[in-house]
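In: sequence plus predicted model, see below.
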Amino acid sequence: MKNLHFFLLVVLSACTSAPAQATATETLPPPVVTIISATETPTPLPTLTPTATPLPHLMYPYTIAGLRERDFSGGEIQIGARTAFNDQFSTYLISYPSEGLTITGVLNVPAGEGPFPVIVMNHGFYPRGEFSSGDGSQRAAEYLTQHGYMTISSDYRTWGGSDFGVSFFHTGLVADVMNLLASLDSIPQADTSRIGMWGHSMGGGITTKILTLESPVRAAVLYAPNSADDADLIARWGYGCIGDIAAGELLETCNSADVLPESLSAEIIAAYKEAAQNPEKMREVAPYYHLDSVNVPIQIHIGSADGDYIGSTPPEWSYKLNQGLLDAGKDVEMFVYQNQRHSFTGDAWFQFMDRAIAFYDENLK
């Protein structure tokens, strides 16, 4: 041979392909071998660069999975001035720590020594400039206290006398309530083995998110609740309020639970808006897609005439949540009150609250 630099392909068998499956008596065709002459330099294989594992997106801490990874350790509840008392209960202002913030609220303690089962009250949206501790929940709290329950309500961050704090997808408010739950054992009269939760409107949405997390809550009442699908909230009310908190005007005029100061990085505000428009990311945020994690009985109460103005909650949201819980095999019952709007009036309110008390008695007493 005249050329020493060549490829010699030796075919050791005339067969060009193997049978689909060999039996014990069949002879498999030998492999095809490529021989490279000693003086030929093989073409090097391409270097494979390992693919980096994608980092969680900036909104991950505010997803259901991200919330489950947080440490809600709470602290000591400081009991302040007594603002009301009678022969059935006393009312006190409180404060407690949450993520480095001081959060204010209201405590109602039944007369007697206790310990008492506890109902955590989550109020609905209220204009911040008009809000006082207890607004939106105190009437129901007093009714529950008259029936032997200690009640406690968080104002949440940016409401009442609480510190300002950022919240994405209401998760700042969820954190404040989770830290309140973790702080209850600092009240001697509280029986922390028997904790229920009550939430109206926005507070109902907060309650639903908490029920998908690990918490000591054993029973929950949702009163005209926000949708458990956060995409519904954004479609109805938008992204929240983004602006200059330092000017002191945004907190007064913001008609949203989430207030985002302009001092946040442009990157994180952009990530928030992108997530709010991304159906896949919104499923990570919304408790509706995590109802398999709910492990407590739930009562839902909704008025048939709710949803007729922008600050109210369409009954369809409650129907959707109820069906989702039923489909997930959860313990849920729903009551619809004819011609009642976002806050019940007259006999309907007492019927609602008496049903709630019977429900709590069954599950907590």
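Out: It's in.
In: what sits against Arg236?
Out: Arg236 makes contact with Ile310, according to C-beta atoms under 8 Å, 6 or more residues apart in numbering. (C-beta placed from N, C-alpha, C; glycine too.)
In: in which helix or strand does Tyr272 reside?
Out: helix 266-276 (DSSP states H and E).
In: mind giving me the packing neighbours of that helix?
Out: Packing partners of helix 266-276 (3 or more C-beta pairs under 8 Å, 6 or more residues apart in numbering; DSSP states H and E): helix 279-285.
In: can you map out the strands along the stretch 51-200 of the chain?
Out: For the stretch 51-200 of the chain, strands defined by DSSP state E, counting those that start in this stretch occupy the ranges 78-85, 89-98, 101-110, 116-122, 150-154, 190-200.
In: show me where the protein has helices.
Out: Here the chain has its helices, by DSSP state H, at 64-68, 138-145, 171-183, 202-211, 230-237, 250-253, 266-276, 279-285, 315-327, 347-364.
In: most tightly packed of these?
Out: Stretch with highest mean neighbour count among the helices of the chain: helix 202-211 (a mean of 28; mean count of other C-beta atoms under 10 Å).
In: contacts for that helix next, please.
Out: Outside helix 202-211, the residues touching it (C-beta under 8 Å, 6+ apart) are 64, 67, 121-125, 136-137, 170-171, 173-174, 177-178, 181, 197-199, 217, 220, 222-228, 233, 257, 287, 293-294, 296, 298, 313, 321.
In: what residue ranges in the protein are flagged as low confidence?
Out: Within the chain, the segments meeting pLDDT under 70 span 1-56.
In: center of it - which residue?
Out: Central residue of the chain (C-alpha atoms, centre = their mean): Lys209, 3.1 Å from the mean position.
In: how close does that one sit to Gly196?
Out: Look at Lys209 and Gly196: by C-beta to C-beta, to the nearest Å, they are 16 Å apart.
In: same deal with Trp237?
Out: 28 Å.
In: Ala228 too?
Out: As judged by C-beta to C-beta, Ala228 and Gly196 stand 19 Å apart.
In: okay, stretch 355-365 in PDB with CA atoms only?
Out: Output of stretch 355-365 as PDB, limited to C-alpha atoms (Å, rounded to 0.1, in the frame of the first residue of the first chain):
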ATOM      1  CA  ARG A 355     -73.000  27.700  62.700                       C
ATOM      2  CA  ALA A 356     -69.400  28.700  63.100                       C
ATOM      3  CA  ILE A 357     -69.600  28.200  66.900                       C
ATOM      4  CA  ALA A 358     -71.200  24.800  66.600                       C
ATOM      5  CA  PHE A 359     -68.400  23.900  64.100                       C
ATOM      6  CA  TYR A 360     -65.600  25.100  66.500                       C
ATOM      7  CA  ASP A 361     -67.300  23.300  69.400                       C
ATOM      8  CA  GLU A 362     -67.300  20.000  67.400                       C
ATOM      9  CA  ASN A 363     -63.600  20.300  66.400                       C
ATOM     10  CA  LEU A 364     -62.000  22.100  69.300                       C
ATOM     11  CA  LYS A 365     -64.000  21.300  72.400                       C
END
